[in-house]
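> Pasting the sequence and the predicted coordinates here, then a few questions.
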Amino acid sequence: MPIVIGAVVPHGFPIIPDISDDADGALATRAAMEEVNRRFDDAGVEVVFVVGPHGVRVNGFVAVADTVEGAGTLHYKGRTVEMNVLIDTALTDSIVAAARARGVAVAEVGYGGSARQGSALPLDWGVMTPLWFAGHNRNMPGYGHVLASFFLGEPERRGPKVVIANPSHRMPREANVEFGKAVAEAANADSRRIGFIASCDWAHRHDPNGPGGFHPDAKRMDALVVQAIKDNDPLSLIDLPDEFIHNAAIDGLWQLLMLAGAQQITPMDVDFLSYEAPTYYGMIVATYHPSK
């Protein structure tokens with residue numbers, strides 16, 4: 001079945017309500033993400049493919065989780081959320097096969113065991129934040145550790161199964177587009193309802209007091225990306241100059257290009273929901289729905 005819904009979403013985890021009451025000023029982003037959650041629920045998503053920039057990185061390869069579970073914990077200002085999800089190994093295998101058939105280098109990554117069965121991938125904020133707003137919005141105390149299921153038994157899970165990927169900046173940008181096509185092809189061959197999430201934050205240099213300091217290219221970059229997404233033309237960003245990317249310090253281009261690739265197989269229309277940069281980094285929320 002073709003991808004039923006897609007999204008470009010941020011991963012600034014203070015937007016998770018259980019972590020922060022005020023979302024570090026990003027209340028409009030939180031409201032938009034709650035709308036994403038409603039839309040994924042309405043779409044009846046059974047499996048979520050999520051690609052983010054902060055997980056296991058393998059230079060020159062798209063890294064794909066080769067485990068049966070994922071578990072992670074986020075701490076922020078004395079508050080904690082834990083998450084434990086099932087990895088959909090069947091869709092993972094289909095995506096890997098389709099990507100390799102397209103000539104994309106893929107690394108299947110595991111953790112904690114010598115085989116997929118019994119292994120769990122540590123979840124990072126780039127995955128946990130989007131998943132919170134895609135059916136996994138429930139704190140699971142005690143289960144945010146990769147050995148939790150081993151010691152405590154399988155938890156009562158809610159929400160869709162997950163496929164997790166992480167790009168490499170040392171691959172041609174076109175490889176991300178090809179990988180996105182592979183995701184859509186694998187979805188087409190699957191009978192279930194599959195959602196696609198590109199976990200992206202944008203320029204990280206809006207604030208002189210932020211970790212990367214200030215650069216005027218941050219505002220210019222985010223304006224360009226906002227317009228490209230509103231125009232439903234993400235491929236217009238594929239040739240962004242490296243210096244511009246470095247100056248603005250974005251982490252979302254590669255994931256967005258994967259979504260652009262998926263759109264070449266399954267055309268989708270965009271609904272732009274929000275843009276904010278209340279601290280030092282920019283956040284965009286948009287959903288994608290199959291074209292009629």
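Noted; the coordinates are in hand.
> And the strands in this protein?
Under the criterion DSSP state E, the chain contains strands at 5-9, 47-51, 62-65, 69-76, 79-86, 106-109, 120-122, 161-166, 194-199, 268-276, 283-290.
> Show me the beta-bridge partners of the residue positioned nearest the centre of the chain.
Note on the chain: the residue nearest the mean C-alpha position is Ser199, at 2.9 Å, using Cα atoms, centre = their mean. Under DSSP bridges, the beta-bridge partners of Ser199 are Val9.
> Give me the distance between the helix or strand bottoming out on mean pLDDT in the chain and the centre of its chain.
Ranked by mean pLDDT, DSSP states H and E, the weakest helix or strand in the chain is helix 148-152, scoring a mean of 92. When distances are taken as Cα atoms, centre = their mean, to the nearest Å, helix 148-152 is centred 26 Å away from the chain's centroid.
> contacting residues around it?
With contact meaning Cβ atoms under 8 Å, 6 or more residues apart in numbering, helix 148-152 is reached by 69, 71, 84, 118, 120, 142-143, 155. (Glycine included, C-beta is placed from N, CA and C.)
> Where is pLDDT lowest across those residues?
Note: of these, the lowest pLDDT belongs to Gly118, at 87.
> Count residues in the vicinity of that one, would you?
For Gly118, the neighbour count with other Cβ atoms under 10 Å is 14.
> pretty sure it contacts Asp66?
No: Gly118 is not in contact with Asp66 according to Cβ atoms under 8 Å; the separation is 12.0 Å.
> would JSON lines of the strands of the chain with distance to Phe151 be doable?
Formatted as JSON lines, those follow (distance: least, Cβ to Cβ, whole Å):
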{"stretch": "strand 5-9", "distance to Phe151": "32"}
{"stretch": "strand 47-51", "distance to Phe151": "26"}
{"stretch": "strand 62-65", "distance to Phe151": "21"}
{"stretch": "strand 69-76", "distance to Phe151": "12"}
{"stretch": "strand 79-86", "distance to Phe151": "12"}
{"stretch": "strand 106-109", "distance to Phe151": "23"}
{"stretch": "strand 120-122", "distance to Phe151": "12"}
{"stretch": "strand 161-166", "distance to Phe151": "22"}
{"stretch": "strand 194-199", "distance to Phe151": "29"}
{"stretch": "strand 268-276", "distance to Phe151": "40"}
{"stretch": "strand 283-290", "distance to Phe151": "36"}
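> Helices of this structure, residue ranges please.
27-42, 89-101, 125-132, 148-152, 173-188, 217-230, 242-248, 253-265 (DSSP state H).
> Contacts only, for the residue lying closest to Val64 once chain neighbours are set aside.
Spatial nearest neighbour of Val64, chain neighbours left out: Ala165 (5.0 Å); criterion: Cβ to Cβ, 6 or more residues apart in numbering. Neighbouring residues of Ala165 by Cβ under 8 Å, 6+ apart: 49-51, 62-65, 95, 179, 258.
> give me that answer again for 7 Å
Applying Cβ atoms under 7 Å, 6 or more residues apart in numbering to Ala165 gives the contacts 51, 62-64.
> And the residues you listed, which is closest to Met128?
Of all those, Met128 sits closest to Val51, with 13.8 Å by Cβ to Cβ.
> which residues pair with the closest one across the strands?
Counting by DSSP bridges, Val51 forms beta bridges with Ala165, Ala198.
> can you tell me how far it sits from Phe196?
Separation of Val51 from Phe196 (Cβ to Cβ, to the nearest Å) stands at 8 Å.
> If you count surrounding residues, which of those two has more?
Val51 (31 against 28).
> Please indicate which of the contacts of helix 148-152 are buried?
The neighbour-count criterion (16 or more other Cβ atoms under 10 Å) marks 69, 71, 84, 120, 143, 155 among those as buried.
> give the contact list for the first one.
What it means is Glu69. 84-87, 120, 149.
> Would you tell me which of the helices of the chain gets closest to Gly159?
helix 125-132 (7.3 Å).
> what's the angle between the closest one and helix 253-265?
Helix 125-132 and helix 253-265 are oriented at 50 degrees to each other (axes from the mean of the first three to the mean of the last three Cα atoms, to 10 degrees).
> how distant is helix 125-132 from the center of its chain?
In terms of Cα atoms, centre = their mean, the centre of helix 125-132 is found 7 Å from the chain centre.
> got it, and stretch 76-84?
The answer for stretch 76-84 is 19 Å, by Cα atoms, centre = their mean.
> Need the residues that contact it.
13-14, 16, 18-20, 69, 71-74, 123, 128, 131, 136, 139-144, 148, 155, 157.
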